[in-house]
Structure formats: C-alpha cells, structure tokens
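Peer 1: structure for the following, please:
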Amino acid sequence: AVDKYRDWSVEAKIESPQDRRFRWTVGAYQFDWEQKQHRVDFASLNGQDRPEKIFTIENEAIFGSVEFDFTDKLSASAEVRRAEEQKGQIDYTPVVNLQGGPTVVTYDSRIRGNDTWESTTPRVTVNYKAADDLTLYANYAKGYKPGGFNGSIAIINGRPQDESFDQEESVNYEVGMKSTWMDNRLVFNVAVFKMDVTAIQLTTPIQASTGAVTSISTNQGDGQVKGFEVETKYAATEELTLGFNYALADTEFTKGCDDMQFTITSGGGIFNPNDPNSTARNLNGQGSCSIAGNEFPLAAKHTASLTADFVRPVFGGDYEFYLNSDLSYTSKKWVQVHNLAYTGAAALLGARFGIQTNDWKVGVYGRNLTNEDSSPGATRWLQQNLIGVNGLTVPATPATSVASYSLPRGFFGVLRRERQIGLEFSYNF
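Peer 2: Residues are numbered from 1 along each chain as shown. Now for the predicted structure:
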C-alpha cells in the first residue's frame, strides 16, 4: 500500500518570568492528522486514486502549571492538562486492478458511536534540596492513551464487541534521589515507582473468516507495575568514565479475561462471553479466561547496562583517540498474556574506537560482538502450521460447536542481526 499523510500542529503559551519565586504557565494546543492508504496492484503500481482506508485524529488541549519555592531548599509544582481527542476511521470495499479505487463504504466510525476520548492529566512534584549535591523528590501523575477503532475487521470476523477499544489510563507514583559525590566525579540517582493501569491496550491475533490471520487492538484488563531504577556515572580519571544502569519493572495483571486463555486451559473449549461458566465448553473442567496474576507481554522484568568511555588527546592535542564499549542486558519477555512462551534473555556487547576532532570522526565499530542469537521479538500468529501444503483447508467451526478444531497456531520470531563490524565517518558542517 501507499500511505499518504497530512498533519499540522500549533501550540501557544504564556508564562511568567522564570526567575521569580512564584511561576506560572498557561497554554493551548491543537493537532490534526490524516492518513490515507491506497492499494497497490498490477493496474495501479503507484497506488489507486481513491484510498481503501482513511484515518484521522484531532486533538485539542488546554494546560497550565504553577511552581512555588517555599524555601531555598523546598519547592513544589502542579500542572494539569485537559485534552479531547477525536478519531475517525473509514473503510472501503477493496477493488482489484482498477486504477480509480474503491467507492463503497463498509465502515464509518462517525455513524457508529463514540469517537471522542477526553482526559484530565494532573502532575504534582515536590523537590527538596537536602544539600548542594543531593536532591530528593516525589511526584504523582496521571497518564492516558486514547481509544480507537478496529472497524470492519472486527465486525466482519464475528467480534462486534471489539469494533472499538477503550482509553487506557494510568496513575503513577515515584520517589527518588538525585545526587553527586566525590567532588562531582560520581553521579548516583535512584528512583522507586508504582503504576496502576486500567484498560490495558494490546494487540490480539484473530482468525478471519477466510482462514487467514489478522490482528485487532483490545483492552486486556487492568494491571500494575512496581519497580526501581538506578543510574550511576563515575569519572575514574580525566580520560575514563564508567557507567552503570539497572531497572526492575515487575508487572502483573490484576484483572482481565482472554478468550484464548479459556481455550488453552479448558482443553480446547470455545469461550462464550455471554455464558463464561458454561460447563459444556469447559471440556476438562479447568477452563478459565482469567489472566490475573500473569505478567505483561513484551515487557522485560530486568534491564541493565555497563558503559566505558575513554578519550585521550594525541598528536600534540589537535586530535583525540576515543574508545568506548557498552554491555546491555535484557531479561526474557513473554510473547502473550498467557505467559507460556517467551523470548530468551539477551546480553549485547558493542565497542567503538577511532580518532576525532571537533569537526570530524573516523573509526571502527562493532555490534553484537558475542553473536547473541536470542530473538528480539516474537508473536503467536500463524493459525496454520502447514501453510503451503496443497489441498489443505481449515474447516469452518459450526456455530453450535463447543470445541475448537482448527489447525494449531504457531509462533514466529524476529531474527537478531549477528556480529557486525564496520567503518564509520562523520563530519559536522
């Protein structure tokens, strides 16, 4: 497909002088965006004249903030943003090998119901400067991700309840410390956080009526994230700087129902949202659609990195020799909400060295020097495990069936790029 975009935004704000004890800001924002998808085929190599899909977003917001220094050590700020986002989606019936493109509308969100999402997102921060090189802080904030539409994909494939999906909202708490030590040679920052999330938006694969597989966005339930972050940087010498970062993000669904979770746990039963406790569909008596207690998919619990940067003047001081290396670690990630399949943990080592000036840099780089081969991402997607076999068909499931007998679903993953070594050159104009 050929995608054509149009967007514009404008923001206006008025603020008080920032060197005063009491400071304030007020403003307004507007954003318009449009995307048109044009089909490409043998009769329209540059795209059909009329689009197959049209997506629009209109976002309007007003915002304001106040900040006050109670003392030389204690300050606080409060801000709030009130936004309204309107989304639109129009789907047309595809036509093949016709330059003009489609004309028949199959879905129009403007006549289907709710297409506007509103939000009020406050943020409050308190800072206490315990010493010149030590600051303690705490903040509270709300966030949101507007809802949207799956449109005709959900309706045509028997999931009218997923025609649209709701807005995701979060409440965030964080306390932390920012500090420098040893005459500013050591930076040490730490933060502890918690996030409560409702109506979590995730991508869900579904089987189309044609037997193919497509995806829709759904609200999978509520959850929370707890964790902490540590950031350090140490100037070991004038030429060598070391760094270490670590983050723990412990995720958990506190509420949620997934139809495939029921199919997996019930021994193949088809989940009926209108009768979730149906014993006829609970084939082994252990079926449950609940994903409460499971971890979020595609989210690593542990991430860490080590860095080293060495710079030394050479050739009389007109040039610099540089050498830097970084080692990053990411723990395993669950592929789906079921927490049954996961990508492996990954440790990636990289390095660079060369010569640089203020104007140019030339050097050698290496990426993934240890040839880490764990998949950076995977998904459970393919409905047919025997794709490409002539004469193979997936029988349609009768409406009266209580068990699923389609072919098993499979997984596919993204291959990680193996070791790379190369030359790099850059020049600042």
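
Peer 1: tell me where the model's unsure across this protein.
Peer 2: 113-114, 208-212, 381-409 (pLDDT under 70).

Peer 1: which residue lies farthest from the center of it?
Peer 2: The centre of the chain is farthest from one residue, G316, which by CA atoms, centre = their mean lies 48.1 Å away.

Peer 1: part of a helix, is Q161?
Peer 2: Yes: counting by DSSP: H, G, I helix; E, B strand; the rest coil, Q161 is part of a helix.

Peer 1: could you find the closest non-adjacent residue to it?
Peer 2: Of all residues not flanking Q161 in the chain, P273 sits nearest, at 7.1 Å (CB to CB, 6 or more residues apart in numbering). (C-beta placed from N, C-alpha, C; glycine too.)

Peer 1: neighbours around D162, how many?
Peer 2: 20 (other CB atoms under 10 Å).

Peer 1: if you could redo that for G151, that was the one I meant.
Peer 2: Neighbours of G151 under the rule other CB under 10 Å: 22.

Peer 1: ok, it touching D115?
Peer 2: No: look at G151 against D115 with CB atoms under 8 Å: they stay out of range, at 11.3 Å.

Peer 1: list the residues that contact both of the two?
Peer 2: Common neighbours of G151 and D115, using CB atoms under 8 Å, 6 or more residues apart in numbering, are S109.

Peer 1: for the residue nearest to D108 when sequence neighbours are not counted, which three-state class applies?
Peer 2: Once flanking residues are discounted, D108 sits nearest to I90: 5.2 Å by CB to CB, 6+ apart. For I90, the secondary structure call by three-state DSSP comes out as strand.

Peer 1: how much space separates I90 from V2?
Peer 2: Using CB to CB, to the nearest Å, I90 is found at 17 Å from V2.

Peer 1: those two: who's more crowded?
Peer 2: More crowded of I90 and V2, by other CB under 10 Å: I90, with 20 against 14.

Peer 1: so which helix or strand takes in S77?
Peer 2: strand 74-92 (DSSP states H and E).

Peer 1: buried residues of that strand, list them for me.
Peer 2: Of the residues in strand 74-92, 75-77, 79, 81, 83, 85-87, 89-92 count as buried by neighbour count, 16 or more other CB atoms under 10 Å.

Peer 1: ditto for stretch 413-426
Peer 2: R416.

Peer 1: hmm, who's touching it?
Peer 2: Here stretch 413-426 makes contact (CB under 8 Å, 6+ apart) with 343, 346, 352, 354, 360-379.

Peer 1: mind running it again at 7 Å?
Peer 2: 343, 360-369, 371-378 (CB atoms under 7 Å, 6 or more residues apart in numbering).

Peer 1: among those residues, which are in strands?
Peer 2: Among these, DSSP state E puts 343, 360-367, 377-378 in strands.

Peer 1: of those residues, which is the nearest to L283?
Peer 2: Nearest to L283 among those is A378, at 27.9 Å by CB to CB.

Peer 1: which residues touch that closest one?
Peer 2: Counting by CB under 7 Å, 6+ apart, A378 touches 335, 343, 411-413.

Peer 1: in the sheet, who's paired with it?
Peer 2: Beta bridges link A378 to G413 when assigned by DSSP bridges.

Peer 1: do you know how far it is from L298?
Peer 2: 9 Å.

Peer 1: let's have the buried residues of strand 74-92 in CSV, adding distance to G27.
Peer 2: Shown next, in CSV, are the buried residues of strand 74-92 (distance: CB to CB, whole Å):
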residue, distance to G27
S75, 21
A76, 20
S77, 15
E79, 11
R81, 9
A83, 12
E85, 17
Q86, 20
K87, 23
Q89, 30
I90, 32
D91, 36
Y92, 38
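
Peer 1: tell me the phi and psi of S152?
Peer 2: phi -70, psi -20 (degrees, to the nearest 10).

Peer 1: how close does it sit to G344?
Peer 2: S152 is 38 Å from G344, by CB to CB.

Peer 1: so between the two, which is more surrounded?
Peer 2: Comparing S152 with G344 by neighbour count (other CB under 10 Å), the higher total belongs to S152, at 19 against 16.

Peer 1: the more buried one - nearest residue in space that isn't next to it in sequence?
Peer 2: Y107 (3.9 Å).

Peer 1: element containing that neighbour, please.
Peer 2: Element membership of Y107, judged by DSSP H and E, is strand 105-108.

Peer 1: list the contacts of that strand.
Peer 2: 89-93, 151-152.

Peer 1: give me the sheet partners of that strand and which way each runs.
Peer 2: In the sheet, strand 105-108 lines up with strand 74-92 (antiparallel) (DSSP bridges).

Peer 1: tell me the contacts of S170?
Peer 2: 142-143, 195-197.

Peer 1: sec struct for it, please.
Peer 2: On the three-state scheme (three-state DSSP), S170 is labelled strand.

Peer 1: tell me what it is bridged to.
Peer 2: Residues in beta-bridge contact with S170 (DSSP bridges): G143, V197.

Peer 1: ok, now the one 4 residues further on?
Peer 2: The bridge-partner assignment for E174, based on DSSP bridges, gives N139, F193.

Peer 1: E424 now?
Peer 2: G363.

Peer 1: please renumber so the chain begins at 757
Peer 2: Happy to do that; since the first residue is 757 now, the last one works out to E1180.

Peer 1: that one and L1125, how far apart?
Peer 2: According to CB to CB, E1180 and L1125 sit 15 Å apart.

Peer 1: could you do E994 as well?
Peer 2: Remark: distance between E994 and L1125 (CB to CB) = 27 Å.

Peer 1: more neighbours, those two?
Peer 2: L1125 (15 against 8).

Peer 1: number of nearby residues for the nearest residue to Y893 once chain neighbours are set aside?
Peer 2: Spatial nearest neighbour of Y893, excluding adjacent residues (CB to CB, 6+ apart): N883 at 4.8 Å. Other residues near N883 come to 17 when the count uses other CB under 10 Å.

Peer 1: wait, isn't N883 in contact with S833?
Peer 2: No: with contact defined as CB atoms under 7 Å, N883 does not reach S833; the gap is 8.2 Å.

Peer 1: follow-up on the earlier one: show me which of the ones in strands among the contacts of stretch 1169-1182 are buried.
Peer 2: With neighbours counted by 16+ other CB under 10 Å, those contain buried members at 1099, 1117, 1119, 1123, 1134.

Peer 1: distance between the longest helix seen in the chain and the chain's centre?
Peer 2: Ranked by number of residues, the top helix in the chain under DSSP state H is helix 1015-1021. Here helix 1015-1021 shows a centroid-to-chain-centroid distance of 25 Å under the convention CA atoms, centre = their mean, to the nearest Å.
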